[in-house]
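Visitor: Predicted model and sequence follow; I will ask about them next.
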Amino acid sequence: MDFNNYFKEYPDINGYFGKYGGAFVNDELKNAMDEITKAYFKICKSRKFIDELRRIRKEFQGRPTPITHLERLSNSIGNVQLYVKREDLNHTGAHKLNHCMGEALLAKYMGKKKVIAETGAGQHGVALATAAAYFGLECDIYMGSVDIKKQAPNVARMKILGANVIEVKEGLATLKEAVDAAFAAYAKDYKDCIYCIGSVVGPHPFPMMVRDFQSVVGFEAREQFIEMTGELPDTVVACVGGGSNSAGFFAGFLNDPVEIVGIEPLGRGKKLGDHAASLNYGSEGVMHGFNSIMLKDENGDPAPVYSVASGLDYPSSGPEHAFWHDIGRVKYDVIDDKQALDAFFELSRKQGIIPAIESSHALAYAIKRAKELDHGSILVNLSGRGDKDMDYILENYGI
Ligand SMILES: *Cc1c(COP(=O)(O)O)cnc(C)c1O
């Protein structure tokens, strides 16, 4: 396949990447999605929007984030040279702010007063609350009671940033119920607000928009890597939950002779319920408003999933990943909890960078691969920093 015109051709006008994508929502939400799609296509081409987003990336987020050569870690393994793109140094400590700033800026250009979202572990909620505070937008974050108890520091952050954290008590009171409550509130109120989805998932136009906003990571990284080394990396790797940090990172290298690898969480093992490796073990299906490859239970509903990394435990991935998977442009592999935790300590102790447990999955694959090869370079997208994982590490490692 030729990737020269890829971003013009994918997704198509109805939001499809091959057979994946679309907008499987009721008529009310379809109208809301159509409004956002129309506005996005117009606004994203305007000089004013592009310049404002570029200025925000530089002056508020601290972009471009650097690439670091992991010299000591590479030497401890062999000849392969490992590098990381430092999204842990993006403001708020992860890549999520890249699309939240884009979505909130779009809300401002559309004349909306409020942004709405759901959050599970709270990372998306904190990034969106940050963006809302920057633009002076109201921010309603829906969160299950169970998650509110578990994620006290992120709940505090959202409140400090001025967001309303709305407790959802229905059912199991976790992410699924929060998604339902947030969508119901949005359908009632879409004239005044926009829903900000937290990854390259959900109905069209979100998989496309979030990829576009995240692609700054891949385009920066390509240029920086060439400047640093005079060549392209042999392999690029990123972890895949919903798939936003990886989609944006991979976007920069699709048209290059570079091997691209996405890493899914194998959790405790291959049994359904013990992992969240949807592209490796799932099948085609519709959930949360889009068609993709997903993990299903015996009734065809989204299956329970597990990973030590709460940012990766989602039963599907964005439609564009399902497409890249099927055409073979991206290889999807797995890393389990233990391998990720080993990589977490390796990077901390050999390089002085504490990575997010999510990002540690991508790093673990790079380390494993570096041990098998006798030359070459691997660039890993370090999607976030590990401060948020300290409680888990303290509890389980008794440091
Ligand atoms: C949320 C999160 C992820 C997973 O989300 P994607 O949409 O797959 O990128 C990965 N890393 C970090 C640090 C996160 O916060």
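Guide: Received it, and whenever you're ready, just let me know what you need.
Visitor: Residue 79 looks like it's in a helix, true?
Guide: No. Assignment of residue 79 by DSSP: H, G, I helix; E, B strand; the rest coil gives coil, placing it outside any helix.
Visitor: backbone phi and psi for it, please?
Guide: phi -100, psi -20 (degrees, to the nearest 10).
Visitor: Neighbours of residue 9, how many?
Guide: Neighbour count of residue 9, defined by other Cβ atoms under 10 Å: 11. C-beta here means a position set from N, CA and C on the backbone, and glycine is covered the same way.
Visitor: wait, I meant residue 349
Guide: Neighbour count for residue 349, taken as other Cβ under 10 Å: 12.
Visitor: ok, now which ones touch residue 288?
Guide: 179, 201, 202, 302, 316 (Cβ atoms under 8 Å, 6 or more residues apart in numbering).
Visitor: Switch those over to CSV; also include distance to residue 114, secondary structure and neighbour count.
Guide: CSV is the format used below for these (distance: Cβ to Cβ, whole Å; DSSP: H, G, I helix; E, B strand; the rest coil; neighbours: other Cβ atoms under 10 Å):
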residue, distance to residue 114, secondary structure, neighbour count
179, 18, helix, 21
201, 22, coil, 25
202, 18, coil, 26
302, 28, strand, 19
316, 27, strand, 29
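Visitor: so can I have TSV of those showing pLDDT and distance to the ligand?
Guide: Below are those laid out as TSV (pLDDT from 0 to 100; distance: Cβ to the nearest ligand atom, whole Å):
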residue	pLDDT	distance to the ligand
179	87	15
201	96	8
202	95	11
302	92	16
316	97	11
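Visitor: Spit out the contact partners of the closest residue to the ligand within the stretch 51-200 of the chain.
Guide: Nearest residue of the stretch 51-200 of the chain to the ligand, counting by Cβ to the nearest ligand atom: residue 199, 3.5 Å away. Residue 199 makes contact with 124, 210, 241, 242, 243, 244, 314, 318, according to Cβ under 8 Å, 6+ apart.
Visitor: now residue 387
Guide: Residue 387 touches 93, 354, counting by Cβ under 8 Å, 6+ apart.
Visitor: Could you check the pLDDT of the residue in the chain positioned nearest to the ligand?
Guide: The chain approaches the ligand most closely through residue 384 (2.5 Å), counting by Cβ to the nearest ligand atom. pLDDT, residue 384: 97.
Visitor: Kindly provide the distance from it to residue 311.
Guide: 8 Å (Cβ to Cβ, to the nearest Å).
Visitor: Between those two, which contacts overlap?
Guide: Common contacts of residue 384 and residue 311 (Cβ under 8 Å, 6+ apart): 123, 356, 358.
Visitor: okay, now the second one: neighbour count?
Guide: Looking back up the chat, that one is residue 356. If you count neighbours by other Cβ under 10 Å, residue 356 ends up with 29.
Visitor: Might one say that it is in contact with residue 311?
Guide: Yes. Counting by Cβ atoms under 8 Å, residue 356 does reach residue 311; the two are 7.2 Å apart.
Visitor: which neighbours do those two share?
Guide: What both residue 356 and residue 311 touch, as defined by Cβ under 8 Å, 6+ apart, is the set 383, 384.
Visitor: Got the phi and psi for residue 379?
Guide: Residue 379 adopts backbone torsions of phi -110, psi 120, taken as degrees, to the nearest 10.
Visitor: where do the strands sit along the chain?
Guide: 16-17, 20-21, 67-69, 81-86, 114-118, 138-144, 164-168, 193-195, 235-239, 259-267, 283-287, 290-294, 330-336, 377-382 (DSSP state E).
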